[in-house]
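Student: need coordinates for the following:
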Amino acid sequence: MPVAILIPLYLALAALPLTLAWVQDVPRRPFFDELASSLGLVSLAMILAEFFLLGRFRSITQRAGSDVIMRAHQQLARVALVFAVMHPFLYVSPMTQPPVWDVTSTTAVNYSWEGFWPGIAAWLLLAGLVAMAIARDSSGVPYAVWRMLHGLVAALVAGFGVLHVLRAGRYSADPLLGWVWILLFACAMGALLYVYLVAPLLRWRRPWRVTSVRPAAERTWTVTLRPEFDGGLDYKAGQFAWLNIGHGVFSLNENPFSISSAPSAGPEVEFTIKELGDFTRSIGQIKAGTRAWLEAPHGHLTLAGHADAPGIALIAGGVGIAPLLGILRERAATQDPRPTVLLYGNRREAQIVRPGELRDLAAQHGTEVVHVLSEPEETWTGATGLIDAALLRQQFGTPERRDWVYVLCGPPAMLRAVRAELLALGIPSARILSELFVYD
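Tutor: As a prediction, the model looks like this:
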């Protein structure tokens, strides 16, 4: 789904309940009462729309990118929280039951406990949900547990929020708007059920097996999978997969990893994984024959759509070489003649992934490989320091390389710095590809 369609669609969905409220033929209340109701309506609509910005629907992410959708998911959830927090404090009319003659609640705000308590529950749970998301990396909670809690609390927020507007909402008492809330809630829960139930059922018929786990560099492993079904995975070099190894198909123990193999190499797929978190800490202990499941492909870190680029620049930091290795392998397999430069940064020489294969690519395919070490040993004779402005200017500061396509993958700080320097060199933003999955 193109971004040009996705953004208006989201805005229309967020504004739909507010629009249906304002076309109702009911007397208007004081300005701040109307503002409070408007913020509540928009906030709940945004919360329900959030269920479609989970980064798991390829029809949504294939154009915008999974990282962009996930960033939007995070930022829009915070906006919805701000609206929800403001909503109950802006009312100026008395918070009491309106007189029996005031059937449109123009003189008071419905303060009945029956309608009020679901709003309190949704309000508190939403604050906790956003706080839990912000503190995800520092909480120490295993990802599978965090994901389960996140989905459960989000469903409760949506359910209590819809119950609140149906019981206490002045405008939502209208049958049409009431049914719109029910329909939006059903669609949101349907999206959640698809991710947690339907998608695993579809994967159940497409199992994979681990064929090998081999060292690729210091604390970095190459994991190869073979499909146990006819065909394989239809993907592009540079994309990633949600990988579940050694657990049931319904398990939440799945993590995103870039595919480092070339699509043209055959049905087996390969991942280059560094020991970092809960799952990866024991990646080297996985046995051949272990059952695995893939949800893929995802991501837009590919050369698709850039066939007109006269050259290719690949800039990697650490295990960020994984998707770029897939791109290099595919280019060698398809004999892409365009000039290519790989800038590859690490701390130590032992952390360089597949150094022998990179040398072969340089010799056989003509890829210019530039290694940069920030903590080199005394015997190191290559470049030292960081992939900084001086190095980028040296490699890509000439006019003929301005129209190349630039593919970046690595730590977030490095990606931001490199992107800023490339833009300063006059590289068009549309020519710079990156995916960022850690957000401040």
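Student: excluding chain neighbours, what is closest to Gln364?
Tutor: Ala332 (6.9 Å; C-beta to C-beta, 6 or more residues apart in numbering). C-beta: built from backbone N, CA, C; applies to glycine.
Student: ok, the host helix or strand of Trp242: who's next to it in the sheet?
Tutor: In this structure, Trp242 sits in strand 240-245 according to DSSP states H and E. Sheet neighbours of strand 240-245, with direction, are listed as strand 255-258 (antiparallel), strand 291-298 (antiparallel) (DSSP bridges).
Student: please enumerate the helices of the chain.
Tutor: For the chain, applying DSSP state H gives helices covering 3-22, 31-49, 58-64, 66-86, 113-134, 136-139, 143-168, 175-193, 199-203, 321-334, 355-364, 389-396, 412-424.
Student: neighbouring contacts of the first one?
Tutor: Taking contacts as C-beta atoms under 8 Å, 6 or more residues apart in numbering, the residues outside helix 3-22 that touch it are 1, 37-38, 41-42, 44-46, 48-49, 60, 63-64, 171-172, 174, 176-177, 180-181, 184.
Student: switch to 6 Å and redo it
Tutor: Contact with helix 3-22 is made by 38, 41-42, 45-46, 49, 63-64, 171, 177, as judged by C-beta atoms under 6 Å, 6 or more residues apart in numbering.
Student: just the buried subset of those residues, please.
Tutor: 38, 41-42, 45-46, 49, 63-64, 171, 177 (16 or more other C-beta atoms under 10 Å).
Student: gap between the strand holding Trp242 and the chain center?
Tutor: 14 Å (C-alpha atoms, centre = their mean, to the nearest Å).
Student: repeat for stretch 129-136
Tutor: Relative to its chain's centre, stretch 129-136 lies at 15 Å (C-alpha atoms, centre = their mean).
Student: which single one of the contacts of helix 3-22 is nearest to Gly55?
Tutor: Checking these against Gly55 by C-beta to C-beta gives Ala64 as the nearest, at 10.2 Å.
Student: could you report the distance from the closest one to Ala121?
Tutor: 33 Å (C-beta to C-beta, to the nearest Å).
Student: before we move on, what about Arg136?
Tutor: Arg136 is 23 Å from Ala121, by C-beta to C-beta.
Student: among the helices of the chain, which comes closest to Pro310?
Tutor: For Pro310, the closest of the helices of the chain is helix 389-396, at 12.5 Å, according to C-beta to C-beta.
Student: per-domain residue ranges of this protein.
Tutor: Structural domains assigned to the chain are 3-203, 208-298, 312-434, following automatic domain parsing.
Student: any idea of the mean pLDDT in the longest one?
Tutor: If you average the pLDDT over domain 3-203, you get 88.
Student: one more: the second one?
Tutor: On average, the pLDDT along domain 208-298 is 94.
Student: which ones are touching Val92?
Tutor: Neighbour list for Val92: 30, 32 [criterion: C-beta under 6 Å, 6+ apart].
Student: what's it sitting at in phi/psi?
Tutor: Main-chain torsions, Val92, degrees, to the nearest 10: phi -110, psi -20.
Student: just Ser374 next, same as before
Tutor: Dihedral pair for Ser374: phi -90, psi -20, per degrees, to the nearest 10.
Student: if I read this right, it contacts Arg347, doesn't it?
Tutor: Yes - Ser374 lies in contact with Arg347 (C-beta atoms under 6 Å); the separation is 5.1 Å.
Student: any shared contact partners between these two?
Tutor: Applying C-beta under 6 Å, 6+ apart, one finds that no residue jointly contacts Ser374 and Arg347.
Student: name every strand pairing with the top strand by length along the chain and say which way it goes.
Tutor: Ranked by residue count, the top strand of the chain under DSSP state E comes out as strand 208-217. Strands adjacent to strand 208-217 in the sheet, as given by DSSP bridges, are strand 220-227 (antiparallel), strand 291-298 (antiparallel).
Student: can you list contacts of it?
Tutor: Residues outside strand 208-217 that contact it (C-beta under 6 Å, 6+ apart): 221-228, 272, 286, 288-290, 292, 294, 351-354.
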